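Novice: How does the following fold in three dimensions:
(2 chains)
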Amino acid sequence: MKLTSVRSYLTGLLLIMVLVMLPVVAGAQSSWRWMMSLRVEKTGDAMYMPSAVAFDKATSRYYVVDTGRDQLVSFEKDGKVIRGFTANGQLKAPYDMVRLDNGNLWVVEKGRNSLTLIDLAAKKVTTHILKDGDRQIFPDRIALDGDKLLVLDRASGDVLRLAPDLSVEQRFDCPKCIGGLTDFVVDGHSVLALSRRDKKVFRFNQNGTVAKEITLQGGELDFPESLAVGPSGLIYILDRHQSRVLTYTPEGNFKYHFLGPGQAPGQVYFPRELRFDPWGRLCVVDEGNGRVEVYRQ
Amino acid sequence: MSLSRYLQAVMVFTMTLPLLLATQAFAKPMVDCFQCHDRAPFQKRVKHEPAAAGECLDCHSPHAARFKGLLMQKVKDLCYSCHPDAAEQHSKGMAHQPVIDGNCLACHDPHSADQDGLLKGLLADVCFGCHTELPKKFKHTHPPYAKGDCTACHRPHQSTNNYLLVKERDALCFSCHKQAEVQKKHPNFPMKLSNCGSCHNPHGSDRPGLIRNVLHPPYADDCSNCHTGKGAPVRMETCLECHPDVSEQMASSHNHLVRYKENGCTACHSPHAGDDKRLLRGKERHVCGTCHESTFEQRDAAKYKHPLKGLVCNDCHAPHGSNHPAMAKGPINDVCNQCHGKHGMFSHPIGNNIYDPRTGQVLTCISCHATKGSDYKDHTRYDGKKDLCVQCHATYR
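Specialist: Presented below is the predicted three-dimensional model:
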């Protein structure tokens, strides 16, 4: 082989190696890859300002709360649209939801300031204006902890565990937090809550005491909106203004970030909620783009 | 020439060369700028050291330069090159707008001035030069304000306190007004004296005691309209009883319901008195900036900004809540049309039945324009020459 041929061969090999290795090196910090979008493809029917995503492991379904169109949209596990549900046109600015084992739905309706129970079998919608003592509750996020319902009250900034009669039976609060708690998730036997203005995460025991106060350090958080906890304990924070997910160790030290603003697949625009689905995928409710972006490792 | 002489000559040349080069590098041409330029503006009471020393070429390039005034660098960079401490200090906390803009010459004369600190004029005149919204005097004027002593309360460059205050607000008031004496004047105040600005305008007012001009009607009528007198806090429900419209606005997917002590309304509004009928606790830049500071910073940093002259946040945003993105007052295109009504007659098709191929969302003004500002002309999201278009029209690449 001539010297020039060897040189060309080596140059080509180097080029191929660079091309192969570049994406690996570039994404070395984040192993999250865009998998699919939960979106309504039909022209003119796209979701408008979705605010939350919920899951049903048993039936392998996603539910997306489509606030702008007053409906709940169900999707197959592979992202195929099943249908939009409006409770016969009765939903008013739905914001968050959970699905019970019996198939009934609890829905936060901001338009009525109600925690609404939808009995699908009986086709019955029951609104509930909640009270915490003598003051009104303004439900925001909801989640299930076993058979108990947890509600974030926007007015008090507290997470409240409700008794079956919907009275408050336990309070998870942070009196010194500026502006109260912003979002929460149930993690095992704890409630993990985010304080936006303080840029802190609180891990609460079942009795409402604070087990751990985690200051999120580094990563230049701007407007933390939502949180999720990975299987390894890594804390994922969704920054609405940066359109970015930042990850932190259980001690609050910044690890890496991913995503960015835009409209292309894999980009988000004013995202609203971050949740892990039952299959280990990370779901970002992408309000500005009317979809939920699903990522896998 | 013998070899030894030759070597000696080489050694002498080698040793003197660096000296010669250094001399050339540091030497400044002897130029008398005052052959053409009037000397008088350089000879006022307080002189800037380089100008006084005739070191014009420290800042100016005599033949051609990229910057106005034949400056060798941007004004800010030039100033900070000799004042590095100022550069560090100005990067902390909140900065005055001219500092953010790097416009040192808004207040300072770079050559000489009659005022200390090379101020271009009397302190108050310099301040009022930009702050034209402030009256020079009120019916009842706070004495430091009347004297034009703005720096009695405000720092001119930066501060860690809102409004560039020299101290935290209440601490600043109590640094002149003895707390015991103030307490005597507020005999029925139900708690420790605080939050003076909730009722008093620190500059001045039409009312005695600098009470802000616009009183909340229940406060003007009788405190017991809201306060039960048993020390119980006044809750949001009390406010919403008289303001059902706000209650309706709060019933939106995006709303500004926040926890703030016992009553979220008081996060933004003074329950007692204000400078206009909204009874805001300050200017929007500060009230909104308390939580949305980064939004203002983002606008400040943009090369092309949406003009703000005469505009306030709630010209575009519904401050209590809305069912539109970014808590806009209505559908985005309608909000923009308030001012840009004619734009729709010649722009790219937008609105109902025009969809963004990337997302299926209705195409709006903000599909192409960043509302606060961007680094591209007309504050578009990408370069309008091509990059913006190919986001959707990929075949035009």
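Novice: what's the span of stretch B:36-46, first residue to last?
Specialist: Across stretch B:36-46, the terminal residues are separated by 22 Å (CA to CA, to the nearest Å).
Novice: and if you look at stretch A:58-73?
Specialist: End-to-end distance (CA to CA), stretch A:58-73: 17 Å.
Novice: Give me the neighbour count for residue 290.
Specialist: Using chain A. 25 (other CB atoms under 10 Å in any protein chain shown). All C-beta atoms are positioned from the backbone trio N, CA, C, and that covers glycine.
Novice: um, chain B though
Specialist: B:Thr290: 16 neighbours (other CB under 10 Å).
Novice: same thing with B:Gln8?
Specialist: 12.
Novice: got it, and B:Ser81?
Specialist: Should you count by other CB under 10 Å, B:Ser81 turns out to have 13 residues around it.
Novice: Tell me where the stretch 1-150 of chain A has strands.
Specialist: A:33-38, A:50-56, A:61-66, A:71-76, A:81-85, A:94-99, A:105-109, A:114-119, A:124-126, A:131-132, A:135-136, A:139-145, A:148-153 (DSSP state E, counting those that start in this stretch).
Novice: Roughly how far does A:Glu220 sit from A:His257?
Specialist: Plainly put, A:Glu220 is 9 Å away from A:His257 if you go by CB to CB, to the nearest Å.
Novice: Which residue of the two possesses the greater neighbour count?
Specialist: Neighbour count, other CB under 10 Å: between A:Glu220 and A:His257, A:His257 has more, with 19 against 11.
Novice: I figured B:Leu78 was touching B:Leu71, is that so?
Specialist: Yes. The pair B:Leu78 / B:Leu71 is scored as a contact, 6.0 Å apart, by CB atoms under 8 Å.
Novice: Residues of the stretch 201-350 of chain B that sit close to chain A?
Specialist: B:235-237, B:250-253, B:255, B:257-260, B:264, B:267, B:291, B:294-295, B:298, B:323, B:325-326 (CB under 8 Å from any CB of the partner chain).
Novice: wait, what's in contact with B:Arg281?
Specialist: Going by CB atoms under 8 Å, 6 or more residues apart in numbering or on different chains, B:Arg281 touches B:197-198, B:266, B:268-270, B:274, B:287.
Novice: Which of these fall in strands?
Specialist: Secondary structure assignment (DSSP state E) places B:Gly274 from these within strands.
Novice: So which of the contacts of B:Arg281 sit within helices?
Specialist: B:Val287 (DSSP state H).
Novice: could I get the contacts of B:Arg281 as a markdown table with pLDDT and neighbour count?
Specialist: Formatted as a markdown table, those follow (pLDDT from 0 to 100; neighbours: other CB atoms under 10 Å in any protein chain shown):
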| residue | pLDDT | neighbour count |
| --- | --- | --- |
| B:Gly197 | 87 | 20 |
| B:Ser198 | 82 | 16 |
| B:Thr266 | 92 | 20 |
| B:Cys268 | 94 | 21 |
| B:His269 | 94 | 20 |
| B:Ser270 | 92 | 23 |
| B:Gly274 | 94 | 22 |
| B:Val287 | 90 | 19 |
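Novice: Give me every residue in chain A lying close to chain B.
Specialist: Neighbours of chain B within chain A, by CB under 8 Å from any CB: A:39-41, A:43-46, A:48-49, A:51, A:67-68, A:93, A:95, A:110-113, A:135-136, A:138, A:154-157, A:179-180, A:197, A:222-223, A:241, A:263-264, A:270, A:287-291.
Novice: what about the stretch 1-150 of chain A, any weak spots by pLDDT?
Specialist: Low-confidence segments of the stretch 1-150 of chain A (pLDDT under 70): A:1-29.
Novice: In it, what residue lies closest to chain B?
Specialist: Distances between the stretch 1-150 of chain A and chain B by CB to the nearest CB are smallest at A:Ala46, namely 3.5 Å.
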